Structures are given as C-alpha cells and as structure tokens.
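Undergrad: Whatever this is, show me its structure:
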Amino acid sequence: MEYTTLGNTGLLVSRLCFGTMTFGDSRGLFKAISTVDQAGADELVKASIDGGINFFDTADNYTEGESEKILGRSLKNLNIARKDVVIATKVYSRVGPGRNDIGASRGHIMDGVEASLRRLQTDYIDLYQIHGNDSVTPVGETLRALDTLVQQGKVRYIGCSNWQAWKISKALGISEYKNLARFDTLQAYYSIAGRDLEREIVPLLEAEKIGLLVWSPLAGGLLSGKFSRTQQQPTDSRRTDYDFPIVDKERTWNILDVMAPIAKAHGCSPARVSLAWLMARPVVTSVIIGAKRLDQLQDNLAAVEFTFTEDELRQLDEVSRLPPEYPGWVLPFQGADRLQLVDRWESFHESRKSH
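TA: The predicted structure follows:
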C-alpha cells in the first residue's frame with residue numbers, strides 16, 4: 001500500500017480508502033447496494049487492514065445509519081486500535097421526516113455529529129464532510145459549526161462533497177478571512193469515463209492544496225469488466241437497474257475498447273486498470289473502493305501494484321479526454337505567446353489535433 005497526506009495536512013492516509021456504502025440490510029436510498037451484513041463487513045474490514053488500508057469512509061444516510069454502526073462494530077470486533085485508522089463520515093443528507101433532518105445548518109450538523117459518534121462508537125471523527133450542496137444555509141454558518149466541532153475535538157479535519165468550484169472557493173475565502181477551520185478535502189465523482197471535474201474543480205484543488213477523494217471510481221460498475229460495447233446490460237450488475245452516475249455511454253465504450261487489450265496484457269480486470277489510472281493522476285489523494293465480496297476487494301487492492309507503460313497511459317488519456325469547452329479552449333490560444341513569440345494560430349491548430 002502507498003500512503004499520502006490528507007490534502008495539505010500531516011495526516012497520512014492510504015491511497016485506497018474502503019467505502020462502506022455496501023454495509024447494511026437493503027433499505028434506504030442505497031438499498032440496491034447495501035447488502036453486506038456484520039459478518040461480511042468484518043471480513044472485508046479485516047482484509048482491508050491486512051492490505052494496508054487505514055482509511056474508511058461512510059455517511060450518516062448509508063442504510064439509514066446502519067453503515068456507521070456496522071463499521072464501528074467491525075473495528076471493535078477486530079480489536080483495531082482507534083489511532084490506527086482514519087474514519088471519515090458525512091452529514092447533510094436526509095435522516096428523518098422532520099423539516100430540519102437534512103442540510104448543513106448549525107442545528108443539523110450539531111445533531112448529526114452526535115448521532116454519528118454514537119453509531120461509530122468513537123470519541124472523534126477524523127474527517128467530517130458536508131455531503132452535498134445546501135442551497136439554503138449560508139456557507140459561513142456551516143463553516144462556523146464545523147469550526148466549533150474542531151475546537152471541541154469531536155472532529156479533526158473537515159471536507160465537503162459534491163460541491164461546485166465557486167462554492168468551494170467562497171468557503172476557503174470565508175475560512176481565511178474569519179480564521180475558521182478550512183476544508184482539507186473534496187469528495188467527488190471521478191473516473192476515466194467521467195472526467196468533468198477536470199474543467200474547473202481540479203485546477204482549484206491543485207492551487208489550494210485540497211485533497212481529492214474519489215467516489216464511484218468504476219462509474220457505478222460500468223468499468224468493472226461486466227460491461228462492453230457488445231454487453232451493455234448484463235443481468236448480474238446493479239448498474240443495469242441503477243443507472244448512476246451519469247456518463248456518456250458511447251464515449252465509455254470507446255474507452256473500454258482501448259482498455260481491453262491493456263488489461264489483457266497485464267492479466268487483470270478493467271476495474272484494476274481503471275483504479276490504477278486514477279491513482280496515476282497527481283490530484284487524487286485516495287480512491288474510495290466499495291466491495292460486497294472478498295475477491296472484489298482483493299482485485300481492487302492489487303491496483304496499487306499496477307504500473308502503466310507511457311504508451312498505455314497515452315492511449316487511455318487520449319480516448320477519455322474531455323471535448324474542448326469554453327473558456328478552456330480559448331485560454332491556451334490567448335496565452336500561447338505570453339513567454340515568447342510564437343504563431344498563435346499554429347499553436348491553436350496543434351492543440352486541436354489531440355481532440
């Protein structure tokens with residue numbers, strides 16, 4: 001296993017993070033995914049620890065809180081020392097029928113953290129993340145609440161998930177101006193089939209030294225090896241009935257066409273290639289993997305040992321590259337002669353060849 005710092009902090013986390021959305025009894029929003037019981041969870045957590053993973057991610061709304069409970073019990077059952085694992089969980093999503101059982105308000109955050117601490121059987125949460133965009137609560141209120149939790153020692157680091165670039169930037173400005181705890185991470189969807197965040201979010205993360213935690217690295221199973229141009233609706237995949245996250249399918253088939261011979265040459269699954277591609281991206285801190293079975297987890301763990309040739313990376317980058325979109329395509333044209341005299345039109349045409 002490889003380790004890196006959590007954003008611009010000194011906390012070391014594994015490059016693979018075990019996500020526990022699969023833990024539960026098939027109820028709630030993610031009922032199609034959450035089918036792993038306590039015994040199965042203990043086995044998967046043990047295999048993760050044995051494989052070098054020290055980073056575990058959950059949320060208060062996964063199986064209506066059962067995911068947090070099962071993870072907490074697993075760590076106790078396996079006698080894992082609390083200091084040896086990094087636990088990340090989230091707040092925002094609806095956890096009850098009440099008007100305030102959702103959101104990033106101070107009230108909901110304060111209620112949510114206490115409930116998560118009880119379910120996880122711990123005194124503190126390493127990384128507490130705002131799970132979604134709250135269009136009602138002022139960002140400053142959310143940050144002040146999180147800062148209070150940091151000062152109380154109940155939370156050590158904070159992050160957000162599924163936020164827009166402009167809102168992350170605004171939050172960073174508020175934190176600096178008011179001397180509040182600062183977001184250290186963003187948890188976002190990213191895969192070789194879905195590179196949208198490279199347009200605005202990745203440059204922001206790199207400039208501000210915020211860590212990127214990747215959810216759904218296999219595009220909801222589309223990159224697992226079960227799907228292909230000729231097998232677009234396998235009966236043994238949840239994605240066939242649970243078509244999420246949204247991806248450009250034709251573009252994905254093109255990617256899988258290129259990926260297939262690379263996977264064959266390395267004697268591995270497309271899933272392993274997809275995970276390794278993400279870990280080769282400098283902006284990625286940790287890739288969140290979810291598994292229902294031990295063999296799935298072991299295949300994912302092996303992605304850490306995967307090494308691409310330069311040509312393989314070039315092929316995958318080219319077939320998955322985003323189409324040009326304004327202002328992205330005009331910026332290199334305008335800046336081409338900033339440091340030296342060049343033919344800007346020639347430079348523009350050269351950049352277009354790659355698309």
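
Undergrad: Tell me which helix or strand the residue most central in space within the chain sits in.
TA: The residue lying closest to the centre of the chain (Cα atoms, centre = their mean) is Val214, at 2.0 Å. Counting by DSSP states H and E, the element that carries Val214 is strand 211-215.

Undergrad: name the helices or strands packed onto the next helix or strand after that strand?
TA: Later in the chain than strand 211-215, the nearest helix or strand by DSSP H and E is helix 249-266. Contacts defined by 3 or more Cβ pairs under 8 Å, 6 or more residues apart in numbering; DSSP states H and E place helix 249-266 against helix 270-279, helix 310-320. For every residue, glycine as well, the C-beta is placed using N, CA and C.

Undergrad: out of those helices, deepest packed?
TA: Most buried of the helices and strands packed on helix 249-266 by mean neighbour count (mean count of other Cβ atoms under 10 Å) is helix 270-279; its value is a mean of 24.

Undergrad: That helix: how far from the chain's middle?
TA: 14 Å (Cα atoms, centre = their mean, to the nearest Å).

Undergrad: coming back round to it: Gln298 is nearest to which of the helices and strands packed on helix 249-266?
TA: Between Gln298 and the helices and strands packed on helix 249-266, the tightest spacing by Cβ to Cβ is seen for helix 270-279, at 10.4 Å.

Undergrad: what does that closest one contact?
TA: 2, 15-16, 190-192, 214, 217-219, 223-225, 256, 259-260, 262-263, 266, 284, 287, 289, 299-300, 302-304, 306-308, 313, 316 (Cβ atoms under 8 Å, 6 or more residues apart in numbering).

Undergrad: Which residues does the residue nearest to the centre of the chain form beta bridges with?
TA: Ala188, Val287 (DSSP bridges).

Undergrad: Which residues in stretch 74-92 does the neighbour count mark as buried?
TA: 74-75, 80, 85-92 (16 or more other Cβ atoms under 10 Å).

Undergrad: right, I mislabeled it, should have said stretch 49-62
TA: In stretch 49-62, counting by 16+ other Cβ under 10 Å, buried: 49, 51, 53-62.

Undergrad: swap in stretch 92-112?
TA: 92-93, 95, 102-105, 108-109, 111-112.

Undergrad: With distance to Glu208 and pLDDT as extra columns, can I get those in TSV?
TA: Output for those, formatted as TSV (distance: Cβ to Cβ, whole Å; pLDDT from 0 to 100):
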residue	distance to Glu208	pLDDT
Tyr92	21	97
Ser93	25	96
Val95	30	95
Ile102	28	97
Gly103	25	97
Ala104	20	98
Ser105	25	98
His108	26	98
Ile109	23	98
Asp111	30	97
Gly112	26	98
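
Undergrad: Closest to Thr22 out of those?
TA: Closest to Thr22 out of the buried residues of stretch 92-112 is Ser93 (17.0 Å), distances taken as Cβ to Cβ.

Undergrad: so that closest one touches Asp101, yeah?
TA: No - taking contacts as Cβ atoms under 8 Å, Ser93 lies outside contact range of Asp101: 9.4 Å.

Undergrad: Tell me the helices and strands packed up against the strand holding Val214.
TA: Judged by 3+ Cβ pairs under 8 Å, 6+ apart, strand 211-215 is in contact with strand 155-161, strand 183-189, helix 201-208, strand 284-289.

Undergrad: Now with 7 Å, please.
TA: strand 183-189, strand 284-289 (3 or more Cβ pairs under 7 Å, 6 or more residues apart in numbering; DSSP states H and E).
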